[in-house]
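Visitor: Below are the sequence and a predicted model; questions follow.
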Amino acid sequence: MRIQQPKPIYLQAESSESLIFKGHHGEIFQVTVLEEDLIRIQHFPDGKPRLKRTWSIAGVDGDVPLEGRLRNDLSSFHLPGFTLEQQGNLLQVSTACLQVQIDPTDCNLVWKSRQTGEPFAADLNRRAYAYDQVGETIFHYMQRRENEHYYGFGERSGLLDKNGRRMRMLNLDALGYNAETGDPLYKHIPFYITYVPDLKIAYGLFYDNLSPTVFDLGQELDNYYGPYRYYQADAGDLDYYLILGPQIADVVQKFSKLIGRPALPPRWSLDYLGSSRLYTDAPNAQDELKKF
């Protein structure tokens, strides 16, 4: 996607929480500062949201209603002020914790910690926000350090660190799956934490999209782009949140607040529970349950 650079965009951004770019084909790319350590990136290939509601981001009450929440509802965030600077052909958004450098020619982003000034994450040059102009598939490509660690993704098989893995997210009753290589499994949670050992920085990426998804964390190689990782969704828009820790425990705390924390379970739910499909699948299921 090629991004135009009309000057009013920059002036508008100074008095709002978002920086908005418009592409040559009507695409919209938006950067929104939600908290000092939480920034949201949205890419609308059609120029407007394909889905106006979210069932993942909690409201002011810490919950998500059955009918979902409007994606443009920002009432649960503090929306702190930020500074916007132009450095040559680049723009830089700065909060108390984060700096985001933006190349308006292709909306390539470089993320820095205000504490260290070092880049801890960066989009892949010339390919970061690709999308299918015929179908609805969307992508997000990022540069990948060989020694980075990736944790999360909900219930997955194999090692805790998913560096080098390629995983598909699709809610599937994977009966009898291989605990080392089985994929996909039961849960669809498009969130993961990246830990950068060289900088001792952790950050989270949450993609608010429930369509079938692929995460590639180093399985795919390309001669022209260098090491990269990517997120791919079959439909919907690209709508992701970057959460700066700076430590893993900090990311977990902030992410749980973003999506809503679980209610305290009743005491009886912690007691003994007997459950098996052996009973429910039996022809005489009621009798088998009584025997148990």
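Guide: Thanks, I have it.
Visitor: Give me the residue at the spatial middle of the chain.
Guide: Centroid-nearest residue in the chain: residue 206, 2.1 Å away (criterion: CA atoms, centre = their mean).
Visitor: quick one: low-confidence ranges for this protein?
Guide: The model of the chain has pLDDT under 70 over residues 1-15.
Visitor: remind me, longest helix of it?
Guide: Using DSSP state H, we find that the single longest helix of the chain is helix 248-259.
Visitor: What is that helix packed up against?
Guide: Applying 3 or more CB pairs under 8 Å, 6 or more residues apart in numbering; DSSP states H and E, one finds that helix 248-259 contacts strand 191-196, strand 201-207, strand 238-244. Backbone N, C-alpha and C define where each C-beta goes, glycine included.
Visitor: Need the CA coordinates for the second one. CSV is fine.
Guide: Coordinates of the C-alpha atoms in strand 201-207 are reproduced here as CSV (Å, rounded to 0.1, in the frame of the first residue of the first chain):
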residue,chain,number,x,y,z
ILE,A,201,12.3,-5.8,26.7
ALA,A,202,9.0,-7.6,26.4
TYR,A,203,6.0,-6.4,24.4
GLY,A,204,2.6,-7.9,23.4
LEU,A,205,0.8,-7.9,20.1
PHE,A,206,-3.0,-8.6,20.1
TYR,A,207,-4.8,-8.8,16.8
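Visitor: If you count contacts, what does that strand end up packed against?
Guide: Against strand 201-207 (3+ CB pairs under 8 Å, 6+ apart) you get strand 119-122, strand 191-196, strand 228-233, strand 238-244, helix 248-259.
Visitor: angle of the longest helix of the chain against strand 191-196?
Guide: Angle, helix 248-259 to strand 191-196, by axes from the mean of the first three to the mean of the last three CA atoms, to 10 degrees: 150 degrees.
Visitor: What's the first helix or strand after helix 248-259?
Guide: Following helix 248-259 in sequence order, the next helix or strand is helix 277-280 (DSSP states H and E).
Visitor: What residues sit buried inside that following helix?
Guide: Neighbour counts over helix 277-280 (16 or more other CB atoms under 10 Å) mark residue 279 as buried.
Visitor: again with stretch 217-229
Guide: Within stretch 217-229, the residues that count as buried by 16+ other CB under 10 Å are 217-218, 228-229.
Visitor: quick one: contacts of that stretch?
Guide: Stretch 217-229 has contacts (CB atoms under 8 Å, 6 or more residues apart in numbering) with 124-127, 141-146, 150, 162-167, 215-216, 230.
Visitor: Buried members of those into PyMOL, please.
Guide: Buried residues among the contacts of stretch 217-229 (16+ other CB under 10 Å), as a PyMOL selection:
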select buried, resi 124+127+141+142+143+144+145+150+162+163+165+167+215+216+230
